[in-house]
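Q: sequence and predicted structure, then a few things I'm wondering about:
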Amino acid sequence: MKHWGKKKWREFRFQTVVEILLVIFLLLSFIPIFLTLFMSTKTNWEIFNDFFAPPRRIIWSNYTKAFTYLFRNMANTLGMIVVSVVAVLALSVMGGFAFATRRFPGKGFLYFMILVLLMIPGCLYLAANYTLIKDYGLLNSRLAVILPWIAGGLVMGTILCRNSIEGVPSVLYEAARLEGCNDFHLLIDITIPLVKPILSTVAIMKVVDFYNDYIWPMMVIQSNDKQLVTVILKVFTGLNSSSGLGIVYAGYVIASLPLLILFTFTSRMYMEGLTAGAIKG
């Protein structure tokens, strides 16, 4: 260490302290997760009397009961998300392709209005959306959730796709047109394969957004069998808050699994899409 200068030694100590603090904060952030796992395998007596202790005996029946209650709503939620995300991706890539490669009257103004939508908090148009859904007679239907999801997801999706498609060399399109390709084949055969990373990023972002949605489904859906899992968890908690807290915590764990699995297997694609968008945009 003697050959190190004082400045370099101070930087090393500062970096070490920062890394230690980051590790401590990281471990602290996992405490709620571990506590939830512990609580989900305990009896009520253990939860109230040995809150921080590991379970004396794992109660797997908590997960069986929670899964039985939540399965229908989780399947309903995932089905609605799949339909919405597919529609968002299809419409976003078509919109991004039009804005990036075509010239038409009002193009700049329309894109500016899309950018403006990003600046408006979603809570400001909840009442307007509710009135629109009510007027169309879609209350308490799955379309009452799916259609606003698609409309809202198109804003960010179109912007990201447009920025990514603008990075595609124009000579590719010119060469394809000389070979007789129309716009449909330009989109399917050239554009989509080249912008797959950004499409993956949009898909992951929208899955997380839709799965975590709470206020809008609660406003427009009244039937428990059509309700999303985020809302039905509140009903589930109320039914078991006094008799089986372990079942409630097991429900929280089960409801968190889809996003945990998604991010575990798609985090690399998500980061690649963000990087590609940053470079091309």
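A: Yes, it's here.

Q: point out where the stretch 1-150 of the chain drops to low pLDDT.
A: Within the stretch 1-150 of the chain, the segments meeting pLDDT under 70 span 1-7.

Q: now do the helices in it.
A: Ranges of helices within the stretch 1-150 of the chain are 6-29, 31-39, 44-49, 61-101, 107-118, 126-135, 143-166, based on DSSP state H, counting those that start in this stretch.

Q: tell me who's in contact with the spatially most central residue of the chain.
A: In the chain, the C-alpha nearest the mean C-alpha coordinate belongs to residue 208, at 1.4 Å (Cα atoms, centre = their mean). When contacts are counted by Cβ atoms under 8 Å, 6 or more residues apart in numbering, residue 208 touches 259, 262. Heads up, the C-betas are built off the backbone N, CA and C, glycines and all.

Q: distance to residue 180 and mean neighbour count added to the helices of the stretch 1-150 of the chain, as JSON lines?
A: Output for these, formatted as JSON lines (distance: least, Cβ to Cβ, whole Å; neighbours: other Cβ atoms under 10 Å):
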{"stretch": "helix 6-29", "distance to residue 180": "56", "mean neighbour count": "10"}
{"stretch": "helix 31-39", "distance to residue 180": "56", "mean neighbour count": "14"}
{"stretch": "helix 44-49", "distance to residue 180": "69", "mean neighbour count": "14"}
{"stretch": "helix 61-101", "distance to residue 180": "17", "mean neighbour count": "18"}
{"stretch": "helix 107-118", "distance to residue 180": "26", "mean neighbour count": "12"}
{"stretch": "helix 126-135", "distance to residue 180": "43", "mean neighbour count": "13"}
{"stretch": "helix 143-166", "distance to residue 180": "21", "mean neighbour count": "22"}
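
Q: turn those helices into CSV, columns for distance to residue 249.
A: Shown next, in CSV, are these (distance: least, Cβ to Cβ, whole Å):
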stretch, distance to residue 249
helix 6-29, 18
helix 31-39, 4
helix 44-49, 8
helix 61-101, 7
helix 107-118, 37
helix 126-135, 31
helix 143-166, 27
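
Q: what's the closest of those to residue 194?
A: helix 143-166 (8.0 Å; Cβ to Cβ).

Q: who does the closest one touch, helix- and strand-wise?
A: With contacts defined as 3 or more Cβ pairs under 8 Å, 6 or more residues apart in numbering; DSSP states H and E, helix 143-166 has these neighbours: helix 61-101, helix 107-118, helix 126-135, helix 196-211, helix 215-220, helix 245-280.

Q: relative to residue 259, how far out is the closest residue in space to residue 203 that isn't next to it in sequence?
A: Closest residue in space to residue 203, ignoring its immediate chain neighbours: residue 85 at 5.4 Å, by Cβ to Cβ, 6 or more residues apart in numbering. Residue 85 sits 13 Å away from residue 259, going by Cβ to Cβ, to the nearest Å.
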